[in-house]
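Visitor: Got a predicted structure here, sequence first:
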Amino acid sequence: MPHIKGKTVIQDRFVHLLVVLLSLFVLYPFFRATETAIPIVPLVFLISIVLILRALRLHKTRFKIYIAIAALAYLADVLFALEKIFYLREFFSLVTALIYAIFLVMAIIEITKKLFSVRKVSTDTIVGGICVYILLGFLWALFYYLIYCFDKGAFSLQAHSINPNLFYFSFTTLTTTGFGDIVPLDKMAMVLASLEAVVGQMYLAVLIARLVGLHVINQMERDIKKS
């Protein structure tokens, strides 16, 4: 296994995470549409995040905190899926989104700190940067959902739909595609949408560009040593 600044990093962890995230990216809209399903996909997602944090050698206390938050998030998701009483479903839905948001914020910070600290960049490290970008889309979808829980009129729907697809809206905003079929009306939703677009572009321009640049430099150094 490679060593970076005296720390051992497990190979291909970010590749495995990317596979899980892409699977969630495809399955999430269909999975959420199945109200009675036990949330197995979010469980796989949370376990994968925890494995990444473990690979990054967190302090035991901090790692236990992440484990506890992950378990609470999954438990709330199970209760949301199984609860038949409407107002309790609304409550568990809100709690689930809030816990997931807290967990993702902490996970994104930890992974980003590690990515910024490396000097020798592998392909797996670049994949880690891509994973964080996708996680940002998930995080903002949760932010939008929390707003929607308190204000059902926070978003205007151009298409014939009862509930806005905030997962879809988050990623079209993150990539600055902006089809215009979902429009934020709430002031906080507007601020978050603008912030997400800025963060998405700045992230690609700063962190991903930095990782790719370091990877190219490292490759050139290896080629020089071989010649």
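Guide: Thanks, I have the structure now.
Visitor: show me the contacts for the residue nearest in space to the middle of the chain.
Guide: Residue closest to the average C-alpha location in the chain (C-alpha atoms, centre = their mean): residue 135, at 1.7 Å. The neighbours of residue 135, taking C-beta atoms under 8 Å, 6 or more residues apart in numbering as the test, are 21, 104, 107, 108, 111. To be clear about C-beta, it is placed using only N, CA and C from the backbone, and glycine gets the same treatment.
Visitor: cutoff 10 Å now
Guide: 17, 21, 45, 49, 104, 105, 107, 108, 111, 112 (C-beta atoms under 10 Å, 6 or more residues apart in numbering).
Visitor: Next, the closest residue to the second one other than its chain neighbours: phi, psi?
Guide: By the measure of C-beta to C-beta, 6 or more residues apart in numbering, the closest residue to residue 21 outside its immediate chain neighbours is residue 134, 4.8 Å from it. With angles defined as degrees, to the nearest 10, residue 134 sits at phi -70, psi -40.
Visitor: From residue 109, how far out is residue 134?
Guide: Distance from residue 134 to residue 109, counting by C-beta to C-beta, to the nearest Å: 16 Å.
Visitor: Of the two, which one has the most company?
Guide: residue 134 (17 against 11; other C-beta atoms under 10 Å).
Visitor: looking at it, that one is touching residue 14, isn't it?
Guide: No: in this structure residue 134 lies outside contact range of residue 14 using C-beta atoms under 10 Å: 11.2 Å.
Visitor: Now do the shared contacts for those two.
Guide: Joint contacts of residue 134 and residue 14 (C-beta under 10 Å, 6+ apart) are residue 21.
Visitor: so where is this structure shaky, pLDDT-wise?
Guide: Residue ranges of the chain with pLDDT under 70: 1-12, 29-45, 48, 51-57, 80-89, 159-162, 227.
Visitor: residue boundaries of the helices in it?
Guide: 13-33, 40-55, 60-82, 86-117, 123-150, 166-174, 187-203, 209-226 (DSSP state H).
Visitor: Which one, of those, ends up nearest to residue 181?
Guide: helix 166-174 (8.5 Å; C-beta to C-beta).
Visitor: chain center to that closest one: distance?
Guide: 12 Å (C-alpha atoms, centre = their mean, to the nearest Å).
Visitor: got it, and stretch 141-152?
Guide: That offset, for stretch 141-152, works out to 17 Å (C-alpha atoms, centre = their mean).
Visitor: Could you do stretch 213-227 as well?
Guide: In terms of C-alpha atoms, centre = their mean, the centre of stretch 213-227 is found 31 Å from the chain centre.
Visitor: contact partners of it?
Guide: Contacts for stretch 213-227 (C-beta under 10 Å, 6+ apart): 118, 119, 120, 121, 122, 123, 125, 126.
Visitor: PyMOL command for the buried members of these?
Guide: Buried subset of the contacts of stretch 213-227, written as a PyMOL selection, criterion 16 or more other C-beta atoms under 10 Å:
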select buried, resi 118+120+121+122+125+126
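Visitor: what's the farthest-apart pair in the contacts of stretch 213-227?
Guide: Greatest spacing in those, by C-beta to C-beta: 119 and 123 (15.6 Å).
Visitor: neighbours of the nearest residue to residue 142 once chain neighbours are set aside, just the number please.
Guide: Spatial nearest neighbour of residue 142, chain neighbours left out: residue 101 (4.3 Å); criterion: C-beta to C-beta, 6+ apart. Neighbourhood size, residue 101 [other C-beta under 10 Å]: 19.
Visitor: That concludes my questions; thank you for your assistance.
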